[in-house]
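Chemist: return a 3D structure for these sequence lines:
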Amino acid sequence: MSSVMRGAIRDLRGRPEGPRPPEIVKRFLWFLPLDGEEARAVALRVR
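Modeler: Coordinates of the predicted model:
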């Protein structure tokens with residue numbers, strides 16, 4: 001799942017109408033109670 005999430009972040013990063021990387025992480029890992037800082041940390045690691 002991490003490789004799919006990594007691909008989604010790469011594909012959507014930089015698009016003005018697209019979600020930000022932490023928002024993508026929260027969508028993929030919806031079953032975990034992540035706050036904004038945790039989602040940002042995960043997004044930085046999977047890039």
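Chemist: C-alpha only now, for contacts and for neighbours.
Modeler: Will do.
Chemist: in this protein, which spans are helices?
Modeler: Using DSSP state H, the helices found in the chain span residues 2-12, 21-28, 36-46.
Chemist: need those helices in JSON lines (columns: mean pLDDT).
Modeler: Below are those laid out as JSON lines (pLDDT from 0 to 100):
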{"stretch": "helix 2-12", "mean pLDDT": "91"}
{"stretch": "helix 21-28", "mean pLDDT": "94"}
{"stretch": "helix 36-46", "mean pLDDT": "94"}
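Chemist: highest mean neighbour count out of those?
Modeler: Comparing these by mean neighbour count (mean count of other Cα atoms under 10 Å), helix 21-28 comes out on top with a mean of 20.
Chemist: what's it packed up against?
Modeler: With contacts taken as 3 or more Cα pairs under 8 Å, 6 or more residues apart in numbering; DSSP states H and E, helix 21-28 sits against helix 2-12, helix 36-46.
Chemist: between those, which gets nearest to residue 28?
Modeler: helix 2-12 (6.8 Å; Cα to Cα).
Chemist: what does the closest one contact?
Modeler: Helix 2-12 has contacts (Cα atoms under 8 Å, 6 or more residues apart in numbering) with 18, 19, 20, 21, 24, 25, 28, 43, 46, 47.
Chemist: now the first one: how far from residue 38?
Modeler: In this structure, residue 18 and residue 38 are separated by 20 Å, where distance is defined by Cα to Cα, to the nearest Å.
Chemist: and the fourth one, by the same measure?
Modeler: Going from residue 21 to residue 38 by Cα to Cα gives 12 Å.
Chemist: cool, the last one as well?
Modeler: Here residue 47 is placed at a distance of 15 Å from residue 38 (Cα to Cα).
Chemist: check the second one too.
Modeler: As judged by Cα to Cα, residue 19 and residue 38 stand 16 Å apart.
Chemist: residue 31 and residue 9, how far apart?
Modeler: For residue 31 relative to residue 9 (Cα to Cα), the value is 19 Å.
Chemist: nothing else from me, thank you.
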